[in-house]
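Colleague: task: produce atomic coordinates for the following.
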Amino acid sequence: MGDPEFILLGDAVWLDFVNTGRGRGRSSDRLTDVAAYHRWTKASRLRSDADSVEYAEVRRFRSRLLRLADALATGMPVPAAGITMINRLLHEAQGRQQLVRESGTWRLAFSPDATLPALAAVAHSAAVALADPVARVRQCAGPECTLYFSHGPTDAGQGRRWCAEAECGRAGWVERRRGTLR
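Modeller: Residues are numbered from 1 along each chain as shown. Next comes the predicted model:
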């Protein structure tokens with residue numbers, strides 16, 4: 001969240017990517033060109049693929065993930081176009097499957113051969129969220145905010161309603177005190 005150009009909530013990389021086209025107050029696109037996409041990948045600590053991916057594909061993928069986030073936040077069916085694009089990007093990633101032990105049980109996990117390029121990392125983040133039966137996507141309840149965030153049942157913020165307590169949560173508290181927000 002310390003980057004002044006991008007709002008990075010840290011919940012899930014894919015939602016931070018979606019949120020580059022949304023905002024607090026009025027919506028504003030923060031990925032206006034390839035250079036901005038490159039800066040976002042660096043701010044998100046991802047391996048930039050800005051030189052090897054078409055900028056139109058970056059925008060198209062973000063648009064599909066936005067529809068996916070909206071569907072998950074509203075309980076609607078997940079759009080097939082987003083899943084197709086996620087699967088295509090994951091298919092292009094070089095790596096292998098391996099068994100990983102978590103909480104006393106085994107699960108099969110993908111282990112990349114190298115650091116995933118940014119769009120593949122975003123696709124992987126979205127896939128992890130979709131495969132997690134208890135993870136939830138929410139849209140911020142703050143007035144004038146259009147950002148998405150995620151949480152699971154073990155998160156401290158299970159009842160979380162705002163993308164960031166300091167910004168939107170405080171504004172929501174003030175509005176509730178005035179009786180203008182429920």
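Colleague: where does pLDDT dip in the protein?
Modeller: Under the criterion pLDDT under 70, the flagged ranges of the chain are 1-3, 25-27, 152-158, 165-167, 170-182.
Colleague: got the residue ranges for the helices in it?
Modeller: Shown for the chain, the helices assigned by DSSP state H span residues 13-18, 34-43, 55-74, 80-92, 118-131, 170-178.
Colleague: tabulate the ones you listed (TSV), appending mean neighbour count and distance to Pro112.
Modeller: Using the backbone N, CA and C atoms, a C-beta is placed for each residue, glycine as well. Below are the helices of the chain laid out as TSV (neighbours: other CB atoms under 10 Å; distance: least, CB to CB, whole Å):
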stretch	mean neighbour count	distance to Pro112
helix 13-18	26	14
helix 34-43	18	16
helix 55-74	18	18
helix 80-92	15	10
helix 118-131	21	8
helix 170-178	13	39
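Colleague: Serialize those to JSON lines and add fields for distance to Glu144.
Modeller: Output for those, formatted as JSON lines (distance: least, CB to CB, whole Å):
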{"stretch": "helix 13-18", "distance to Glu144": "18"}
{"stretch": "helix 34-43", "distance to Glu144": "23"}
{"stretch": "helix 55-74", "distance to Glu144": "17"}
{"stretch": "helix 80-92", "distance to Glu144": "26"}
{"stretch": "helix 118-131", "distance to Glu144": "25"}
{"stretch": "helix 170-178", "distance to Glu144": "8"}
